[in-house]
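[1] Provided below for reference: sequence and predicted model.
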Amino acid sequence: MVTGDEGRLRAVVTEVTAARGYDLEELTVRSMGRRRVVRVVIDADDGISLDDAAEVSRTISERLDAPDDPMGDLPYTLEVTSPGIGRPLREPRHFRRARGRLIAVSATTGPVTGHLLRVGDQAVELAVVGPKDVVRTVEVPYADITGAKVEVEFSPPPAAVQDLLESEGVAR
């Protein structure tokens with residue numbers, strides 16, 4: 001259940017992030033002794049820079065320190081960050097922002113790992129490297145996806161995958 005202060009906090013954070021064109025991906029409040037930690041995760045199609053996070057943090061702090069402060073009397077620490085590399089891909093916008101990246105998808109039809117080529121309204125399409133570096137494309141409907149995340153890549157993809165990515169206009 002959301003209390004009035006939690007609802008006001010969410011309203012303030014949502015207003016600040018939306019005014020700057022960012023998506024509020026997560027808002028959590030944890031108690032740490034006599035202090036609360038407010039964690040705000042934001043994202044955008046072009047990513048989030050440290051300057052972006054700092055500006056959002058300053059603006060949220062100003063709003064939270066105002067006379068009608070939804071945080072109350074207890075001190076708080078505000079953390080504003082972007083999603084990490086291992087964060088789950090849940091929404092189509094998450095997949096869109098991961099185009100060109102190596103992702104691991106758990107689907108009802110089985111696991112698939114490949115480079116994200118296309119993101120559509122109903123499905124995503126991956127370039128999957130098979131035996132002897134043969135590349136095939138695999139379409140996975142959103143309805144079949146039970147989990148997905150970006151994988152860390154330590155070396156460039158095979159040339160055939162790079163060619164496919166370039167033909168789709170995906171910069172690497």
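    Arrived safely, thanks for sending.
[2] all contacts plus neighbour counts: C-alpha atoms, from now on.
    Noted.
[3] low pLDDT regions in the chain?
    Scanning the chain for pLDDT under 70 picks out 1-4, 69-73, 171-172.
[4] can you give me the domain boundaries for it?
    Following automatic domain parsing, one finds the domains of the chain at 4-81, 92-167.
[5] comparing the ones you listed, which comes out most buried?
    domain 92-167 (a mean of 17; mean count of other C-alpha atoms under 10 Å).
[6] distance of the most far-flung residue of the chain relative to its centre relative to Leu126?
    Distance to the chain centre peaks in the chain at Lys132, reaching 33.2 Å (criterion: C-alpha atoms, centre = their mean). To Leu126, Lys132 is 18 Å away according to C-alpha to C-alpha, to the nearest Å.
[7] just the helices in the protein please.
    4-19, 50-64, 92-97, 159-167 (DSSP state H).
[8] elements contacting the last one?
    Of the remaining helices and strands, those touching helix 159-167 by 3 or more C-alpha pairs under 8 Å, 6 or more residues apart in numbering; DSSP states H and E are strand 112-119, strand 123-129.
[9] what's in contact with that helix?
    100, 115, 117, 127, 129, 135, 171 (C-alpha atoms under 8 Å, 6 or more residues apart in numbering).
[10] no further questions, thank you.
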